[in-house]
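> pasting a predicted model and its sequence here:
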Amino acid sequence: MAMSGPPSARRGRGRAPMADINVTPLVDVMLVLLIIFMVTAPLLVTGVPVNLPETRAKGLDQDAKPTVVSIDRDGATYVDEDAVADIDLPDRLAEIVAANAGKPEAPQIFLRADKGLDYGRVMRVMAELNRAGLNKVSLVSSPDDAASDGSGERP
């Protein structure tokens, strides 16, 4: 039996060292991290229950009753259930701004519009809100299981 050298010399001949990186362990670690984040993410959203200390400090003034601007199916505009003509809308919005002039935060406006309305009509009312300086506007919608007759009541 002819020997051609030590076993370590035989293995190394004619072969280049492996230059590729094995990414399988890296993928395994990344998948484990992904699962950890997926499990902990809902906990971050819901928050942690904490018993807060009591205080005698006065509560912050919050906009308890936002102003509701509604546009019905016929295009009539209402501000807090009071019908307002299109020509009088800027004056009515100016009254709202004047009533909230001393407050540090802009008044909250809820804009409710019938789903059958022309988009341009809603945009004209939003433009009037913007011109009056009322930029804190929320668009109100109904849940999917609400009645589709426009009444907002559930069947």
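Structure received.

> give me the phi and psi for V32.
Dihedral angles of V32 (phi, psi; degrees, to the nearest 10) stand at phi -60, psi -40.

> for A106, see how far away it is.
Separation of V32 from A106 (CB to CB, to the nearest Å): 47 Å. (Glycine included, C-beta is placed from N, CA and C.)

> who's more crowded, these two?
Using other CB atoms under 10 Å as the criterion, V32 and A106 rank with A106 on top: 14 against 10.

> excluding chain neighbours, what is closest to that one?
Distances taken as CB to CB, 6 or more residues apart in numbering place K136 nearest to A106, at 4.7 Å, with adjacent residues excluded.

> what is the neighbour count of that neighbour?
By other CB under 10 Å, 13 other residues sit near K136.

> how close does it get to E95?
Distance of K136 to E95, given as CB to CB: 17 Å.

> just T40 next, same as before
Plainly put, T40 is 49 Å away from E95 if you go by CB to CB.

> which one's more surrounded, these two?
Ranked by neighbour count (other CB under 10 Å), T40 and E95 place E95 first, with 12 against 9.

> for the record, mean pLDDT for the helix or strand hosting that one?
Using DSSP states H and E, E95 falls within helix 89-99. For helix 89-99, the per-residue pLDDT values average out at 90.

> secondary structure element holding F37?
Assigned by DSSP H and E, F37 belongs to helix 24-46.

> run through who's touching that helix.
Applying CB atoms under 8 Å, 6 or more residues apart in numbering, helix 24-46 has no contact partners.

> which stretches of this protein form helices?
Counting by DSSP state H, the segments of the chain that form helices are 7-12, 24-46, 89-99, 119-131.

> so which of these is nearest R112?
When the helices of the chain are compared by CB to CB, helix 119-131 sits nearest R112, at 10.0 Å.
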